[in-house]
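In: Based on what follows, work out the 3D shape:
(one chain, ligands or ions: 1)
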Amino acid sequence: MPQDTVLSESQHSTQKITLGYSQLGSESDWRKANTNSVKESAKEAGITLLFENAEQSQEKQFEAIRSFIKQKVDVIAIAPVVQSGWEPILQEVKQAGIPVIIADRSVNVTDSSLYVTFIGSDFYDEGRKAGKYLLDKMKGRPGPIGIVELQGTMDSSPTIERKNGFREIIDSRADLKILKTRSANFTLEQGKKVMQSIIEELGEDIDVLFSHNDDMALGAIEAMEEAGLRPGIDIVIISVDGTRKSFEMMVQGKINAVVECNPLLGMNLMQVVKEIMGGKNLPKRIVLPESIFTQSIAEREINNRKY
Ligand code: GYE
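Out: So this is what the prediction gives:
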């Protein structure tokens, strides 16, 4: 290897790294915490960050990525709004010779050389945890038990995997019935609206709500209370994320359990960026350990919540 190549490689650690981050939106408290974590961690790590918010539009994500290519960033990180349709744009990035990190949600591509690593939660396991909590909670209670599911954004990996993981577990009991499953796009406003219309349709047949995130659960709680139903008592509520607001609801007895999904990926992401620039080999998948919170834990832990 010629001398100057070796030199330029070792210089990388002292040179400023530029990261382009295509964020998918700002739909939830999870997302806002994720954005803050990325911005703060970049600062702390001394990495120059170009940040674009696509407001739920995959097309806008493509535009952001193309602008990162034009600006010749060192690394591109993408939090993809949906899981399909990424192959062509990732080919463009590959041709430009820029390494890609997939963050938070996954992409569905056949050519896994199109990205270096995927860093984020195990959404399938989150769905399973929700299912296990429910089985446990309903032990000894005779069926049929009517479940409503509020799904997140269609074709997004957390929606698909939470949905499937949940079913894998609850399918073991035939009298647990999913009466309705509808998308409310991970937002509080839509969570409330969709829940209102489901309550009108099903009324007291609803025993359980499984919400794919906390924001939708908060909206659904408003809808239940306005309809004279007691969240957490008349309807068992299980949600995902673990935001401070959901902890408050658990303390008040209105949410029964929350499966943790950690948005604070910033430091891990910056470390991965540095390792890529340092020529290190990375695993294709980086998962963070997560747990489940119930009402008794919520009281103890609420003051420690960071998002
Ligand atoms: O659960 C939800 C957010 O992709 C894991 O997106 C993330 C999900 C999170 O809007 O609140």
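In: so what strands line up beside the host helix or strand of Val240?
Out: Using DSSP states H and E, the element containing Val240 is strand 236-241. As defined by DSSP bridges, the strand partners of strand 236-241 come to strand 208-211 (parallel), strand 257-260 (parallel).
In: what's the distance between the last one and the middle of its chain?
Out: Using C-alpha atoms, centre = their mean, to the nearest Å, the distance from the centre of strand 257-260 to the centre of the chain it belongs to is 13 Å.
In: Please pull up the helix or strand immediately following the strand holding Val240.
Out: Counting by DSSP H and E, what follows strand 236-241 is helix 244-251.
In: CA atoms only for that following helix - export them in PDB, please.
Out: Taking Å, rounded to 0.1, in the frame of the first residue of the first chain, the C-alpha atoms of helix 244-251 are listed here in PDB:
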ATOM      1  CA  ARG A 244     -42.600   9.800  30.600                       C
ATOM      2  CA  LYS A 245     -46.300  10.500  29.700                       C
ATOM      3  CA  SER A 246     -47.000   6.800  29.500                       C
ATOM      4  CA  PHE A 247     -45.300   6.300  32.900                       C
ATOM      5  CA  GLU A 248     -47.600   9.100  34.300                       C
ATOM      6  CA  MET A 249     -50.600   7.100  32.900                       C
ATOM      7  CA  MET A 250     -49.300   3.900  34.500                       C
ATOM      8  CA  VAL A 251     -49.000   5.700  37.900                       C
END
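In: residues making contact with stretch 24-32?
Out: The contact list for stretch 24-32 (C-beta atoms under 8 Å, 6 or more residues apart in numbering) reads 23, 35, 53-56, 61, 79-81, 104-105, 153, 185-188, 213-215, 241, 243-245, 261, 263, 307. (Glycine included, C-beta is placed from N, CA and C.)
In: circling back to that earlier point, could you give me the average pLDDT of the strand holding Val240?
Out: Mean pLDDT, computed over strand 236-241, is 98.
In: now swap in stretch 180-190 and tell me
Out: Stretch 180-190 comes out at a mean pLDDT of 98.
In: just stretch 283-296 next, same as before
Out: The pLDDT scores in stretch 283-296 average 94.
In: ok, the strand holding Val240 near the ligand or not?
Out: Yes. Shown here: strand 236-241 in contact with the ligand (C-beta under 6 Å from any ligand atom) through Val240, Asp241.
In: Let me know the angle separating that strand from helix 244-251.
Out: 160 degrees (axes from the mean of the first three to the mean of the last three C-alpha atoms, to 10 degrees).
In: circling back to that earlier point, could I have the PyMOL command that selects the buried members from the contacts of stretch 24-32?
Out: PyMOL command restricting the contacts of stretch 24-32 to the buried ones, with burial defined by 16 or more other C-beta atoms under 10 Å:
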select buried, resi 23+35+53+54+56+61+79+80+81+104+105+153+185+186+187+188+213+214+215+241+243+244+245+261+263+307
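In: In helices, which of the contacts of stretch 24-32 appear?
Out: Thr35, Gln61, Leu188, Asp214, Asp215, Arg244, Lys245 (DSSP state H).
In: Apart from its chain neighbours, what residue comes closest to whatever residue of the stretch 51-200 of the chain ends up closest to the ligand?
Out: When you check the stretch 51-200 of the chain against the ligand by C-beta to the nearest ligand atom, the closest residue turns out to be Phe186, at 3.7 Å. Nearest residue to Phe186, sequence neighbours excluded (C-beta to C-beta, 6 or more residues apart in numbering): Gly152, at 4.3 Å.
In: so what's that neighbour scoring on pLDDT?
Out: Looking at Gly152, its pLDDT reads 98.
In: May I have the phi/psi pair for it?
Out: Listed backbone geometry of Gly152 is phi -80, psi -150, with angles given as degrees, to the nearest 10.
In: how deep is it tucked in, by neighbour count?
Out: Neighbour count for Gly152, taken as other C-beta atoms under 10 Å: 26.
In: so it sits right up against His212, yeah?
Out: Yes. Gly152 is within contact range of His212, at 4.2 Å (criterion: C-beta atoms under 8 Å).
In: Which residues of the stretch 1-150 of the chain lie near the ligand?
Out: Glu27, Ser28, Trp30, Arg31, Asp104, Arg105.
In: Now render those as TSV, adding distance to Lys193.
Out: Output for those, formatted as TSV (distance: C-beta to C-beta, whole Å):
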residue	distance to Lys193
Glu27	14
Ser28	16
Trp30	20
Arg31	19
Asp104	25
Arg105	24
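In: I'd like those laid out as TSV, including pLDDT.
Out: Formatted as TSV, those follow (pLDDT from 0 to 100):
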residue	pLDDT
Glu27	98
Ser28	98
Trp30	98
Arg31	98
Asp104	98
Arg105	98
